[in-house]
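K.L.:
Sequence first, predicted model second:
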Amino acid sequence: MRIAVLMIAILTSALAVLAQEQDNYLTLIRKVQVDPLGTLGAVDGCEFSKDGKMLSASDNHGVCRIYRVSDGKEVGKVTHNLLHNKKHHRDGEINAVPFSYDGQYLCTGRNRDGTKVWRTSDWGLEKHLINNAETDGITFSPNKKWLAAAANSNLNIYSLPNFELIKSINHGKRGAVNSISFSPDSSIVAYACSDGRLRILKTDDWKLQQTFSNHSNRSLKSTRFSPDGKYLAYSGGRQSCLVRQVSDWTVVADLVHKGNMKALPGDDNDSDVKVEAVAWSKDGDYLFSSGVVDGVMRVWRSADWSLLTRVQAQEKNRAIEFIDISIDNKVVVGGDEGVIYIYQFRPPN
């Protein structure tokens with residue numbers, strides 16, 4: 001009798017855990033410490049290669065490590081410029097670590113030291129595109145024609161595969177470029193700036209088409225087009241994430257985040273706490289966003305912009321700095337804990 005009761009209790013507990021995993025839709029695959037100083041450092045950039053086989057993640061001391069997704073093994077490392085500090089220092093932040101669409105290159109963007117391009121064949125330096133500038137945003141165009149990179153308040157466009165500068169766009173000293181996104185057909189590029197404005201360019205002539213404000217003039221941190229090109233999401237200092245419909249640029253959602261508003265000593269402290277990251281599932285049906293300083297990642301349904309689930313993707317008093325999603329819906333999250341969390345996302349049927 002006791003054995004039967006015990007077996008029922010174990011089965012009930014197992015079913016409860018399973019139900020919780022199904023409710024959350026996110027299963028943790030692994031946790032990897034990237035910054036050797038842990039919470040005295042941070043992970044400000046983490047991105048999958050376009051084929052989903054590799055993953056780049058930066059520390060706050062000028063180093064980007066590359067991991068194999070299948071087993072989490074470190075398979076490469078590039079040193080943008082080593083900063084010898086025993087705690088977080090803004091000048092050591094690598095904020096952008098994208099792979100090219102053909103898989104031949106990895107870029108790193110660092111505060112104070114611009115953009116570098118690395119070969120994935122041997123992790124050697126291919127080019128140093130920008131010197132003595134802050135590079136918070138870098139992205140490749142899906143049509144494989146361009147690389148867009150921030151340089152303080154400039155948006156620089158380089159042609160591929162030779163990385164020649166073809167356009168440099170400036171919108172004032174207060175408009176440092178924090179995040180860049182091309183539409184899936186590469187006809188539009190959007191970039192979020194520290195002056196609280198989102199700017200839209202047409203790539204056929206690189207002329208400004210639209211400018212949107214977050215109505216608070218607080219810094220915008222992240223912007224991403226949905227995979228179908230229907231929506232553009234962006235986030236920042238209003239503690240919310242806005243979503244616009246690309247067809248007419250109307251706001252279709254204002255997703256408010258509530259959480260801790262005070263960073264811990266040693267973190268990437270900022271008097272204006274922000275929603276730092278947005279990313280889309282590969283079918284575009286779900287939008288992922290960071291919380292404020294609560295370590296919580298939220299997942300929203302694009303059908304009605306309701307909250308699907310939330311997961312503690314950094315320690316509860318740490319900020320999430322970056323989210324990326326692979327072609328098979330693996331999710332990587334980096335932040336002020338100094339680690340990355342890798343999840344498998346399984347959306348509802």
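P.N.:
That came through, no problem. Numbers count the residues shown, from 1 in each chain.
K.L.:
Which secondary structure element is home to the spatially closest residue to F163 that is not a sequence neighbour?
P.N.:
Of all residues not flanking F163 in the chain, K127 sits nearest, at 5.3 Å (C-beta to C-beta, 6 or more residues apart in numbering). For every residue, glycine as well, the C-beta is placed using N, CA and C. Per DSSP states H and E, K127 falls inside strand 125-128.
K.L.:
can you check G52 too?
P.N.:
Assigned by DSSP H and E, G52 belongs to no helix or strand.
K.L.:
Spatially nearest residue to it (excluding sequence neighbours)?
P.N.:
Leaving aside its chain neighbours, G52 sits nearest to S326 (3.8 Å; criterion: C-beta to C-beta, 6+ apart).
K.L.:
burial of the one you found, as a residue count?
P.N.:
22 (other C-beta atoms under 10 Å).
K.L.:
how close does it get to D44?
P.N.:
Distance of S326 to D44, given as C-beta to C-beta, to the nearest Å: 19 Å.
K.L.:
Over to H171?
P.N.:
From H171 to D44 the distance is 23 Å (C-beta to C-beta).
K.L.:
for G109, same thing?
P.N.:
Distance from G109 to D44, counting by C-beta to C-beta: 10 Å.
K.L.:
Between those two, which contacts overlap?
P.N.:
Shared contacts of G109 and D44, defined by C-beta atoms under 8 Å, 6 or more residues apart in numbering, are found at I94, N95.
K.L.:
before we move on, the earlier item: could you check how far the residue nearest to F163 is from V78?
P.N.:
Distance from K127 to V78, by C-beta to C-beta: 13 Å.
K.L.:
what about the closest residue to I130 other than its chain neighbours, neighbour count?
P.N.:
Sequence neighbours aside, G114 is the residue nearest to I130 in space, at 3.1 Å (criterion: C-beta to C-beta, 6+ apart). Using other C-beta under 10 Å, G114 is surrounded by 23 other residues.
K.L.:
What pLDDT is listed against G114?
P.N.:
Per-residue confidence (pLDDT) for G114: 89.
K.L.:
ok now do it, which residues does it touch?
P.N.:
Counting by C-beta under 8 Å, 6+ apart, G114 has contacts H128, L129, I130, N131, N132, A133, E134, T135, A151.
K.L.:
Of K127 and V78, give the one with the bigger neighbour count.
P.N.:
The neighbour count for K127 versus V78, taken as other C-beta under 10 Å, is higher for V78 (23 against 15).
K.L.:
ok, the more buried one - contacts?
P.N.:
V78 makes contact with V63, C64, I66, L106, T108, K116, W118, W123, L125 under the criterion C-beta under 8 Å, 6+ apart.
K.L.:
hang on, the fourth one in a helix?
P.N.:
No. Counting by DSSP: H, G, I helix; E, B strand; the rest coil, L106 falls outside a helix, being strand.
K.L.:
nearest residue to it other than its sequence neighbours?
P.N.:
L106's closest residue in space is W118 (C-beta to C-beta, 6+ apart), at 4.7 Å.
K.L.:
Flag the shaky bits of the stretch 201-349 of the chain, pLDDT-wise.
P.N.:
214-217, 260-272 (pLDDT under 70).
K.L.:
which residues of it fall in strands?
P.N.:
Assigned by DSSP state E, counting those that start in this stretch, the stretch 201-349 of the chain shows strands spanning 207-213, 220-225, 231-236, 240-245, 250-256, 278-280, 286-290, 296-301, 307-312, 320-325, 330-335, 339-345.
K.L.:
TSV for those strands, including mean neighbour count and distance to L165?
P.N.:
Formatted as TSV, those follow (neighbours: other C-beta atoms under 10 Å; distance: least, C-beta to C-beta, whole Å):
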stretch	mean neighbour count	distance to L165
strand 207-213	13	17
strand 220-225	26	22
strand 231-236	25	26
strand 240-245	21	29
strand 250-256	13	34
strand 278-280	23	28
strand 286-290	26	32
strand 296-301	21	36
strand 307-312	16	41
strand 320-325	25	26
strand 330-335	26	29
strand 339-345	22	32
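K.L.:
what about these, which gets the closest to T39?
P.N.:
strand 339-345 (9.0 Å; C-beta to C-beta).
K.L.:
Helix, strand, or coil at the residue nearest to L106?
P.N.:
Here W118 is strand, with the state taken from three-state DSSP.
K.L.:
partners of it in the sheet?
P.N.:
Taking DSSP bridges as the rule, W118 bridges to L106, L125.
K.L.:
Tell me the spacing between it and G103.
P.N.:
Between W118 and G103 the computed distance is 12 Å (C-beta to C-beta).
K.L.:
More neighbours: these two, which one.
P.N.:
A direct count of neighbours by other C-beta under 10 Å for W118 and G103 places W118 higher, at 25 against 14.
K.L.:
among the contacts of G114, who's most crowded?
P.N.:
The most crowded member of the contacts of G114, judged by other C-beta under 10 Å, is T135 (28 neighbours).
K.L.:
Spell out the residue ranges of the strands in the stretch 51-200 of the chain.
P.N.:
With DSSP E, counting those that start in this stretch as the criterion, the stretch 51-200 of the chain has strands at 54-58, 63-68, 74-79, 94-96, 105-110, 114-119, 125-128, 138-140, 146-151, 154-159, 164-170, 177-182, 188-193, 197-202.
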